[in-house]
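Undergrad: any chance you can model this:
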Amino acid sequence: MDEQTILEIRDLVIEFNTDMGLVRAVDHLGFQLKKGKILGLAGESGCGKSVTALSIMRLLPKPVSRIVKGQVLFNGKDISRIPVDDMHHIRGKKISMIFQEPMTALNPVHTIGKQMIEIYKLHFPKMSFGEMDKAANKMFGKVGISDEKNVMKKYPHQLSGGMRQRVMISMSLACEPDILIADEPTTALDVTVQAQILDLIKNLQVKSGMSVILITHDLGVIAENCDDVAVMYAGRIAEKAKVATLFKRPCHPYTKGLLTSIVSLAQESKTILPTIKGNVPSLLNMPKACRFADRCPWVEDICREIVPMERKIGRNHTAACHLACEIKKGKNDFI
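TA: Presented below is the predicted three-dimensional model:
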C-alpha cells in the first residue's frame, strides 16, 4: 500500500533581490512528505534548506524574495498563493515550525505564559482564559517542563537554551498541527541537551502521528530519527531515498562525499579524514549544468554541459546525476 502524501513541494523556484544582483536560492526543488513520517532535509549551510521551510510557511522576507514558480501542495491544495487570511488559519494550526534560535523567535518583553496564551487566542478565540491556561500547562507537561507555573511567569532570557527550545516545541505543538517543520532545532545546545530535544520530537511525533520535516546538516541526526531523506546542494535536490537505502547505497557523488566525511570511532588514530574538495559555488555565479561538477572526482564533459535531471535508481530512490547508475554499480573511491 502506497504511503499517503501530506505535503508536496513541486518544481519550486525562489529568488532574492540583493545588492549584488538577482539570486536564485532554490532552483526547481521537489520532494514529498508522507503522512506520519519524518523527512530529513540535509545539506550544507546556505544550500536553501531554511528558505524552503520559510516558503512552506509563507514567511519569506518581503519584498526582497518571492516564489517565482512552483507549488506547495498541502493535502493536495496549493497554499503558496492562497489569500493571506486563509494562510493564517493554516500557519501554526495545521503546519507549525520550530526555528533555529528560540531567543530570536520568542518575544523578549512578554512572559512565556503570555506568549503561549496568545497562540490559543489566535486559533481558538472561543476558549475561556481558564481553558487556555489549563491547555498551556498541559502542553508544557508533554514536553518535559515539570515546573509549568513557574516557567509561565518567566521571560525568555531567564530560561536555559534547552528550556527555551522545549518552550518553542510546546508552542509549535499547541494546536496539534498535522505537520511540524523543525529547522536545526538543536543549534547552540550542548550534546546532551541536543539528544534530549531530538528524542522529545521523535516521541511526540510517534504519539501524535504528525508528519515532520527535520532540517539539519548532521547526517547522524537523520540516520537516528528520520524515515526518508532529501539531500540538497546549492538550491537543488541531489538525492532522495529511504534513510536505510541512502546510507547503504548513496548514488550521488555529493552524498557519497558527505557520508565518507563522517568521523567513525572505528577509524585508526591519525587517519586522514576524507573531505569534499573545493567550495560551494556562489549563488551569484552558479555553474550552468551540474552545480557539483567542480568538486566531483568523477566529473565528465556532460556534467559541465547538461543539467542533470533526477533519475530513478530504485524504489523511492532518485539522484540528480548523469553518473548515478555507474556509481551504484561500484565507483567507491571518493578521493
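Undergrad: so Ile262 touches Gly220, yeah?
TA: Yes: under the criterion of CB atoms under 8 Å, Ile262 makes contact with Gly220 at 6.9 Å. C-beta: built from backbone N, CA, C; applies to glycine.
Undergrad: give me the more crowded residue out of the two.
TA: Between Ile262 and Gly220, counted using other CB atoms under 10 Å, Ile262 has the larger neighbour count: 14 against 10.
Undergrad: what's the spacing between that one and Val221?
TA: 11 Å (CB to CB, to the nearest Å).
Undergrad: next: Leu259.
TA: 14 Å.
Undergrad: between those two, who's got more neighbours?
TA: Val221 (20 against 17).
Undergrad: wait, the more buried one touches Leu41, no?
TA: No: contact criterion CB under 8 Å: Val221 and Leu41 do not qualify, at 11.3 Å.
Undergrad: which residues do these two both contact?
TA: Both Val221 and Leu41 are in contact with Leu214, where contact means CB atoms under 8 Å, 6 or more residues apart in numbering.
Undergrad: list the contacts of Val193.
TA: 161-162, 165, 186.
Undergrad: which one of those has the most neighbours?
TA: Going by other CB under 10 Å, Gln165 tops these with 29 neighbours.
Undergrad: which elements pack onto the helix or strand harbouring that one?
TA: Using DSSP states H and E, Gln165 maps to helix 161-172. Contacts defined by 3 or more CB pairs under 8 Å, 6 or more residues apart in numbering; DSSP states H and E place helix 161-172 against strand 95-98, helix 102-105, helix 112-123, helix 129-142, helix 191-208.
Undergrad: next SSE after that helix?
TA: Following helix 161-172 in sequence, per DSSP H and E, is strand 179-183.
Undergrad: that next one - contacts with which helices or strands?
TA: Against strand 179-183 (3+ CB pairs under 8 Å, 6+ apart) you get helix 49-57, strand 95-98, helix 191-208, strand 211-216.
Undergrad: weakest of these by average pLDDT?
TA: Ranked by mean pLDDT, the helices and strands packed on strand 179-183 bottom out at helix 191-208, with a mean of 91.
Undergrad: okay, buried residues for that one please.
TA: Neighbour counts over helix 191-208 (16 or more other CB atoms under 10 Å) mark 193-194, 196-198, 200-202, 204-205, 208 as buried.
Undergrad: next up, the contacts around the residue nearest the centre of the chain.
TA: When CA atoms, centre = their mean is applied to the chain, the residue found nearest the centroid is Ile215 (2.5 Å). Going by CB under 8 Å, 6+ apart, Ile215 touches 40-41, 49-50, 53, 181-184.
Undergrad: now do it against Ile67, distance only.
TA: 18 Å.
Undergrad: can you convert the buried residues of helix 191-208 into TSV and add a column each for distance to Cys296?
TA: As requested, those are exported to TSV (distance: CB to CB, whole Å):
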residue	distance to Cys296
Val193	37
Gln194	32
Gln196	38
Ile197	35
Leu198	32
Leu200	38
Ile201	34
Lys202	34
Leu204	39
Gln205	35
Ser208	41
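Undergrad: from those residues, which single one is nearest Ile145?
TA: Leu200 (10.6 Å; CB to CB).
Undergrad: check contacts around the closest one.
TA: 143-144, 166, 169.
Undergrad: how far away is it from Glu305?
TA: 48 Å.
Undergrad: check Leu7 too.
TA: 34 Å.
Undergrad: who's more crowded, the two?
TA: Leu7 (23 against 12).
Undergrad: per-residue confidence for Ile335?
TA: Taking Ile335 on its own, its pLDDT is 43.
Undergrad: what does His217 give?
TA: pLDDT, His217: 89.
Undergrad: again with the one 10 residues further on
TA: Predicted confidence (pLDDT) for Asp227: 97.
Undergrad: could the helices and strands packed on strand 179-183 be laid out in a markdown table, adding distance to Pro274?
TA: Output for these, formatted as a markdown table (distance: least, CB to CB, whole Å):
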| stretch | distance to Pro274 |
| --- | --- |
| helix 49-57 | 23 |
| strand 95-98 | 32 |
| helix 191-208 | 24 |
| strand 211-216 | 21 |
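Undergrad: how about the ones you listed, which one is nearest Leu122?
TA: strand 95-98 (12.3 Å).
Undergrad: what residues does the closest one touch?
TA: 7, 53, 56-57, 59, 74, 165, 168-169, 172-173, 175, 177-183, 185.
Undergrad: picking up where we left off before, may I ask which of the contacts of Leu200 has the most neighbours?
TA: Busiest of the contacts of Leu200 [other CB under 10 Å] is Ile169, holding 26 neighbours.
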